[in-house]
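Peer 1: 3D model of this:
(chains A and B)
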Amino acid sequence: MGEHHGPEKGIKRWLLATNHKDIGTMYLWFSFAMFLIGGAFAMIIRAELFQPGMQLVEPDFFNQMTTLHGLVMVFGAIMPSFVGLANWMIPMMIGAPDMALPRMNNLSFWLLPFAFAVLLSSLFMEGGAPNFGWTFYAPLSTTYGPPSTTFFIFGVHIMGASSIMGSINIIATVMNLRAPGMTYMKMPLFVWTWVITAFLLIAVMPVLAGAVTMMLMDIHFGTSFFSAAGGGDPVLFQHIFWFFGHPEVYIIILPAFGVVSEIIPTFARKPLFGYASMVYATASIAFLSFIVWAHHMYTTGMPLAGELYFMYATMLIAVPTGVKVFNWVATMYDGALTFETPMLFCLGFLFLFTMGGFTGLMLSIAPADFQYHDTYFVVAHFHYVMVAGAIFSMTAAVYYWLPKWCGRMYNETLGKAQFWISFIGFNLTFFPQHFVGLAGMPRRIPDYALQFADFNMMSSIGAFIYGGSQLFFLYNVIATIRSGEKVSDDKVWEGANGLEWTVPTPAPFHTFSTPPEVK
Amino acid sequence: MATPVTKTKVQRKLVGKLTLLVLCMFGFGFALVPLYDLLCEITGINGKTNTVAYTDIKQPVDTSREINVQFIAINNDKMSWAFRPTARTIKVNPGAPTETFFYAKNPMDYQMTGQAVPSVSPARAAAYFHKVECFCFDQQILESGEDVEMGLQFVIDNDLPDDVRTITLTYTLFDVTEDRVASAYSLN
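Peer 2: Sure thing, here's the model as predicted:
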């Protein structure tokens, strides 16, 4: 032991990978591939909605597209991309030689391609892919689901197992492998947000597994968990689903908060404002996420007391989230700001995520929600937090750490161009959706009333621009890896802080084989 | 780099605990099923009414107000019976025992069994809607082509909140014919 050996040669390097950097790289490429596939589904949706009337696809296929777009983006693109980032960065940030459980790490990655092969293969099955929306409400998904629903359930089981193993690994790494002197309150915020996310995943992915298992039993084994005819209750499905589903949205956004909390101090050349309050705010958001789930269900006929409780509890989440936003702004205040691509994406995140937060507050008002429920207003809201929240910060993270990963600098002009194209495309897509939603256009429909035509055409044009900007991103990353300008400075960024910037650039295959001393 | 033995032990313990947490949460998902039923039962938020006959009808009749009682009959899923209330709306005074009838007919060429499940809205009125006699307490067996008028006796509690002026009682009729149920639930 102790000698430095390089990676295996050829395909074995990837199939048998136990190195956190290799696994992180695979996660990142896999999630980008899923991002493009989910994006292609979105392009089909927007192409059909370009004009009122049915032009391109059958309504049933349209429903399959909305379903798979949601599932692929949430479980295939966003979640694995942040797991990939965690794999790459957490050991380097806490001064650990690798993840705590490298072999399990390999398994948790390699389950994913199979899970998504199972899910996407349903497109080619008789009866088509799942068409009941990514929330797969019973009885749409049980009594009325296509035969491929069983494959969908199997796919969800596998990807759930993958997430759970990934989370156990992250918690074990952070709890046991921190460098001497790296106390919990000295950990970078990205590590903190990921530990909390990992606990959320461990708590709710099994509940999701339970929900799909109950569906499986209802479909094949004659139980009636969600069937009123057998004494069950379809509303119970929604409770179980959203008990998973609401923490899930924080699983998606907390690591994004972590990324932004790393990048903004670098380009403001100031330490993060209110570090401790950031940690506590993250923990409070995670706690609150467990007790607000029924705000997705205001229209199910809940008693008044329930509506009021869930309304106030939901509004409470705005407090710790507000603390975070104010801290980011305070970090920038009076800083020596520069606007490189990662910083631009973080600023875009800050603006747009806050807007998404505000529409979220509007949706949390129970009486108002009866108007907004299941309209495009909801679609606009969650794309502001998912795309401008998670995807923008992920893009920022790639631009920020890519020079450290591959030792080459991306082209700043192309990076900035991508930011502005994404920013304009994104807003053109989703801003008008607020208006059509408030005017009453329901979500998940392939055709719509004529008065929504102009805004939908704008939305579609914006979507094509935003979709195209991702191909631009792909080109940008590949061009950087192949022929980017070499970076000689270990720190890469003038204002960067943290252990990951103390290792050579590009980061060697093994880092911190001897733990660093943290003062 | 060699990992010290103690480190591995600590690691195993932590992974064991986390795995246990995963299993507990999987169990919790299933525990939500009875918990949900229990919560609905305690709070009455499902609009569920009493399932055994109410016997305590010595309340004085409150003639100062009239409650609109509406009746709705629905067939669940593929239930094929004709099923409807004989009166869609009746006005009653709280405390006054009232009787009404529901009509059902089996149009199929075989014997069938039906089970009606009631639900009251607004849900908070459910606790004040007492059924003295109800066809929903039993299963209904109808021969091919047979029809029946099924009785419902109820009394509205005097303590019904003042702002409730209309109560809607919905019956959903389920097909619980033995062999059909058995065949629908078989694994083939």
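Peer 1: switch to C-alpha atoms for all contacts and neighbour counts from now on
Peer 2: Fine.
Peer 1: What's the first helix or strand after the helix or strand hosting A:Phe349?
Peer 2: The secondary structure element spanning A:Phe349 is helix A:341-364 (assigned by DSSP states H and E). Beyond helix A:341-364 on the C-terminal side, the first helix or strand identified by DSSP H and E is helix A:366-372.
Peer 1: Could you pull up phi and psi at A:Arg408?
Peer 2: phi -130, psi 150 (degrees, to the nearest 10).
Peer 1: Measure how buried it is and give me the count.
Peer 2: 22 (other Cα atoms under 10 Å in any protein chain shown).
Peer 1: check contacts around it.
Peer 2: By Cα atoms under 8 Å, 6 or more residues apart in numbering or on different chains, the contact set of A:Arg408 is A:Leu402, A:Thr480, A:Ile481, A:Ser483, A:Gly484, A:Glu485, A:Lys486, A:Val487, A:Pro506.
Peer 1: Surely A:Ala390 touches A:Ala256?
Peer 2: Yes: counting by Cα atoms under 8 Å, A:Ala256 is a contact partner of A:Ala390 at 5.4 Å.
Peer 1: returning to what we had before: just the buried ones from the contacts of A:Arg408?
Peer 2: Burial by neighbour count, 16 or more other Cα atoms under 10 Å in any protein chain shown: within the contacts of A:Arg408 this picks out A:Leu402, A:Thr480, A:Ile481, A:Gly484, A:Lys486, A:Val487, A:Pro506.
Peer 1: can you give me the helices for chain B?
Peer 2: Counting by DSSP state H, the segments of chain B that form helices are B:5-43, B:178-185.
Peer 1: pLDDT averaged over the shortest one - what is it?
Peer 2: Read it as helix B:178-185. When pLDDT is averaged over helix B:178-185, the result is 53.
Peer 1: now swap in stretch A:509-519 and tell me
Peer 2: What stretch A:509-519 shows for mean pLDDT is 90.
Peer 1: residues of stretch A:264-271 that come out buried?
Peer 2: By 16+ other Cα under 10 Å, the buried positions in stretch A:264-271 come out as A:Ile264, A:Pro265, A:Thr266, A:Phe267, A:Ala268, A:Arg269, A:Lys270, A:Pro271.
Peer 1: so how far is that stretch from its chain's centroid?
Peer 2: 24 Å (Cα atoms, centre = their mean, to the nearest Å).
Peer 1: Outline the domain layout of chain B.
Peer 2: What automatic domain parsing lists as the domains of chain B is B:1-43, B:67-184.
Peer 1: Comparing these by mean pLDDT, which bottoms out?
Peer 2: Across the domains of chain B, domain B:1-43 gives the lowest mean pLDDT, at a mean of 84.
Peer 1: right, is it up against chain A?
Peer 2: Yes: Domain B:1-43 is in contact with chain A by Cα under 8 Å from any Cα of the partner chain, via B:1-2, B:7, B:10-11, B:14-15, B:18-19, B:21-23, B:25-30, B:32-33, B:36.
Peer 1: what about the residue nearest to B:Val10 when sequence neighbours are not counted, distance to B:Thr8?
Peer 2: Counting by Cα to Cα, 6 or more residues apart in numbering or on different chains, A:Asn176 is the residue found nearest to B:Val10 once chain neighbours are left out, at 7.8 Å. A:Asn176 sits 10 Å away from B:Thr8, going by Cα to Cα, to the nearest Å.
Peer 1: From the centre of chain A outward, give me the first residue you hit.
Peer 2: Geometric centre of chain A, nearest residue: A:Ile78, 3.2 Å, by Cα atoms, centre = their mean.
Peer 1: contacting residues around that one?
Peer 2: Contacts of A:Ile78 (Cα under 8 Å, 6+ apart): A:Ser31, A:Phe35, A:Ile252, A:Ala390, A:Ile391.
Peer 1: picking up where we left off before, switch the domains of chain B over to TSV; also include mean neighbour count.
Peer 2: As requested, the domains of chain B are exported to TSV (neighbours: other Cα atoms under 10 Å in any protein chain shown):
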stretch	mean neighbour count
domain B:1-43	14
domain B:67-184	17
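Peer 1: now the strands: where do they sit in chain B?
Peer 2: Under the criterion DSSP state E, chain B carries strands at the ranges B:67-75, B:82-85, B:89-92, B:98-105, B:112-121, B:129-134, B:140-142, B:147-156, B:166-175.
Peer 1: mind giving me a markdown table with those and columns for distance to chain A?
Peer 2: Formatted as a markdown table, those follow (distance: least, Cα to the nearest Cα, whole Å):
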| stretch | distance to chain A |
| --- | --- |
| strand B:67-75 | 11 |
| strand B:82-85 | 17 |
| strand B:89-92 | 23 |
| strand B:98-105 | 18 |
| strand B:112-121 | 10 |
| strand B:129-134 | 18 |
| strand B:140-142 | 16 |
| strand B:147-156 | 21 |
| strand B:166-175 | 6 |
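Peer 1: So for A:Trp192, which of those strands sits nearest?
Peer 2: Counting by Cα to Cα, A:Trp192 lies closest to strand B:112-121 out of the strands of chain B; the figure is 47.9 Å.
Peer 1: The closest one packs against which elements?
Peer 2: strand B:140-142, strand B:166-175 (3 or more Cα pairs under 8 Å, 6 or more residues apart in numbering or on different chains; DSSP states H and E).
Peer 1: ok, that strand: who's next to it in the sheet?
Peer 2: Strand B:112-121 has the following sheet partners, assigned by DSSP bridges: strand B:140-142 (antiparallel), strand B:166-175 (antiparallel).
Peer 1: A:Asp233 is nearest to which of those?
Peer 2: Per Cα to Cα, nearest to A:Asp233 of the strands paired with strand B:112-121: strand B:166-175, 13.6 Å.
Peer 1: Show me the beta-bridge partners of the residue lying closest to B:Pro118 once chain neighbours are set aside.
Peer 2: Among residues not flanking B:Pro118 along the chain, B:Tyr171 sits closest, at 4.5 Å (Cα to Cα, 6+ apart). Under DSSP bridges, the beta-bridge partners of B:Tyr171 are B:Ala73, B:Pro118.
Peer 1: Can you name the helix or strand that A:Pro506 falls in?
Peer 2: Applying DSSP H and E, one finds A:Pro506 in no helix or strand.
Peer 1: A:Cys406 is in contact with that one, correct?
Peer 2: Yes: applying Cα under 8 Å, one finds A:Pro506 in contact with A:Cys406, separated by 5.1 Å.
Peer 1: What does residue 61 show for phi and psi?
Peer 2: I went with chain A, as the question did not name one. With angles defined as degrees, to the nearest 10, A:Phe61 sits at phi -70, psi -40.
Peer 1: That was the other one, I meant chain B.
Peer 2: Here B:Val61 shows phi and psi, under degrees, to the nearest 10, equal to phi -80, psi 130.
Peer 1: give me every residue that touches the nearest residue in space to it that is not next to it in sequence.
Peer 2: Sequence neighbours aside, B:Gly95 is the residue nearest to B:Val61 in space, at 4.3 Å (criterion: Cα to Cα, 6+ apart). By Cα under 8 Å, 6+ apart, B:Gly95 lies in contact with B:Ile57, B:Gln59, B:Pro60, B:Val61, B:Asp62, B:Val155, B:Ile156, B:Asp157, B:Asn158.
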